[in-house]
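S.K.: 3D, please:
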Amino acid sequence: MEKKSFNDNIFGLDFMRTIAILMVLFGHCLSIYPPSQSLIYQVGLFFGFFGVEVFFVLSGFLVGRMLFQLYVDDDFSIKKVLGFLKRRSFRILPNYYLVLILNIIIGFIVGFTVADWWTYFFFLQNFNSSMLPFFPESWPVAIGVFAFLLLLVALYLKTALVKPSNKPLFFLLVVLGLTLFFVFTKIYYSFTTQNTTLDHWNLALKALVIYRLDAFFIGVLAAWFSLHRLPFWKKIRFPFAFLGIILFGFMFVGVGFFQLTIDRFPHFWNIFYLPLTSLLCVLFLPILSQWKSTTFTFLQKPIIFISVISYSIYLLHYGVLLQLLQFYFPTDDLSINQLHLYSLCYFLLTLLLASLLHKFFENPLRKLGDR
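M.R.: The predicted model follows:
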């Protein structure tokens, strides 16, 4: 049986996950409205991007904590590795494959030809080339799966070859090496491409497996410090949160204020922007991972509820729900108040269907995997 998950009693991490999924929902709700240069529209665009980045780092942090404890406390035999892999697979794969099949069926119903559909079953849809406009929310799942598998395999093989005497240090060096490798893939990309548009950056860099695994590994590095340098982790929670607020302001406001556009500073965007975003997420982890509960009890239950069903929300919210709603109920002729009502109905429907998916499919299969 897998140990109780670290975030089961950590309200701060539930809060972080809930904020992330609400950011993603808010960002994708923008497609209901006409494009605009208004502040709230620009905030929504940034939130849609940033919410996914939070998930990368938070997933790396949580998986990293579990894997580090398994790696240090046990013999890390092939049996232990396969057991850990089985438990993680039951948490990720059933929901993913069910929603993938739903997307294929929906594509067939609405007359959308799904080319290379088989790549989605092996998480290859965005491995080293831009994915098709089908099941677009699947790209972070592919990155998370490859990051987890690579970390697990690298730790097992390197440990079998080297047999380290200092396993915590060895764990850190392996993760640090993987992180640096995928930072260097962005450096290679930056010096071998002529990309000067954000649209191309979104498709050819931000969403590709071969360039993005460091986002997950940065979360794993944070996990190492939270476990192996606990006094330091506790001490930095307020200074790091303050630095996080400053960096958030720079990423959201400062980049535009200083006109750090991709056509003028492509290396900044190709090499530094994404790792800086991951670092921004990490800066809030010390304080949030030590936020055990809240005095605002009326907020605690809904926040934990949304956190628990966040994976189901993420998989259902766009391809299955929003695009299907817009296909059968177009928004072109709706007034602004009608669009607000449309968005509210979409939000409530997403919560309802995600809660049903979690209760009757995701959670039972997770429990099966924990046996």
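
S.K.: low-scoring stretches of this protein, by residue?
M.R.: Applying pLDDT under 70 to the chain flags residues 1-8.

S.K.: tell me the centre residue of it?
M.R.: By CA atoms, centre = their mean, the chain has its centre lying nearest to residue 55, at 2.8 Å.

S.K.: how many other residues sit next to the nearest residue to that residue once chain neighbours are set aside?
M.R.: Spatial nearest neighbour of residue 55, chain neighbours left out: residue 20 (5.4 Å); criterion: CB to CB, 6 or more residues apart in numbering. For glycine as for every other residue, the C-beta is placed from the backbone atoms N, C-alpha and C. Burial of residue 20 is recorded as 24 neighbouring residues (other CB atoms under 10 Å).

S.K.: repeat that for residue 347.
M.R.: 17.

S.K.: next: residue 56.
M.R.: 26.

S.K.: repeat for residue 349
M.R.: Residue 349, neighbours per other CB under 10 Å, totals 15.

S.K.: again with the one 10 residues further on
M.R.: Around residue 359 there are 13 other residues, counting by other CB under 10 Å.

S.K.: for it, give its distance to residue 20.
M.R.: 21 Å (CB to CB, to the nearest Å).

S.K.: circling back to that earlier point, check contacts around the residue nearest to residue 55.
M.R.: 51, 52, 54, 55, 58, 310 (CB atoms under 8 Å, 6 or more residues apart in numbering).

S.K.: how near is it to residue 62?
M.R.: 13 Å.

S.K.: could you pull out the helices in the stretch 201-350 of the chain for me?
M.R.: For the stretch 201-350 of the chain, applying DSSP state H, counting those that start in this stretch gives helices covering 209-228, 230-235, 237-249, 255-257, 266-267, 274-283, 285-288, 297-308, 310-316, 323-328, 336-357.

S.K.: what separation do you get for the residue located most distally from the centre of the chain and residue 339?
M.R.: Distance from the C-alpha centroid of the chain, by CA atoms, centre = their mean, peaks at residue 333 (34.4 Å). Taking CB to CB as the measure, residue 333 falls 10 Å from residue 339.

S.K.: which helix or strand contains residue 65?
M.R.: Per DSSP states H and E, residue 65 falls inside helix 39-73.

S.K.: tell me how far whichever helix or strand comes after that helix lies from the chain's centre.
M.R.: Next helix or strand after helix 39-73 toward the C-terminus (DSSP H and E): helix 78-110. Centre-to-centre, helix 78-110 and its host chain are 16 Å apart (CA atoms, centre = their mean, to the nearest Å).
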